[in-house]
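Trainee: Give me a 3D structure for the following:
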Amino acid sequence: MRNLKSAFGLAGAIVPIIYCGGLLYYFFGVGGSIEGVETIGLGPTIIGLGAVGLLFCIPVILKLMRIFGGPPGSGGRPGRDDHDEDGFDADAAIARYMAQRSAEAAPPCTNRAARA
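Mentor: Modelled structure (predicted):
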């Protein structure tokens, strides 16, 4: 399931790059060359499409790094199977805290009849 999700995410990130590339190809076809594109006034359009296309490449690179970066659980956020290796036990810490809290909350017995 994870592979399918990664594949759809990668495909969705590539679509805007293909769109910008198609527009660049079309505008270069209209002008014939870089000089022709400048002559008909599409120079800023070509530069803008190139910049936007490069910005759309960033998510694709990040998704590829996530897919091919290494096995899951090798870094980043800990998964469900990852455990603390430093020996800290959260359940024991909470139990100690609750025991200490209940011992401090109990008022000392000042009634002489209760002590005897």
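Trainee: Can you give me the neighbour number for Leu62?
Mentor: 12 (other Cβ atoms under 10 Å). For every residue, glycine as well, the C-beta is placed using N, CA and C.
Trainee: Could you report the distance from it to Gly9?
Mentor: When distance is defined by Cβ to Cβ, to the nearest Å, Leu62 is 10 Å away from Gly9.
Trainee: and Ala90, what does it touch?
Mentor: The contact partners of Ala90, by Cβ atoms under 8 Å, 6 or more residues apart in numbering, come to none.
Trainee: could you pull out the helices for the protein?
Mentor: Assigned by DSSP state H, the chain shows helices spanning 2-31, 34-39, 43-68, 90-105, 112-115.
Trainee: which parts of the third one are buried?
Mentor: Of the residues in helix 43-68, those buried under the neighbour-count criterion (16 or more other Cβ atoms under 10 Å) are Ile46, Leu49, Gly53, Phe56, Pro59, Val60, Lys63.
Trainee: Count the neighbours of the closest residue to the fifth one other than its chain neighbours for me.
Mentor: Using Cβ to Cβ, 6 or more residues apart in numbering and skipping the chain neighbours, the partner closest in space to Pro59 is Ala13 (4.6 Å). Ala13 sits with 18 neighbouring residues when counted by other Cβ under 10 Å.
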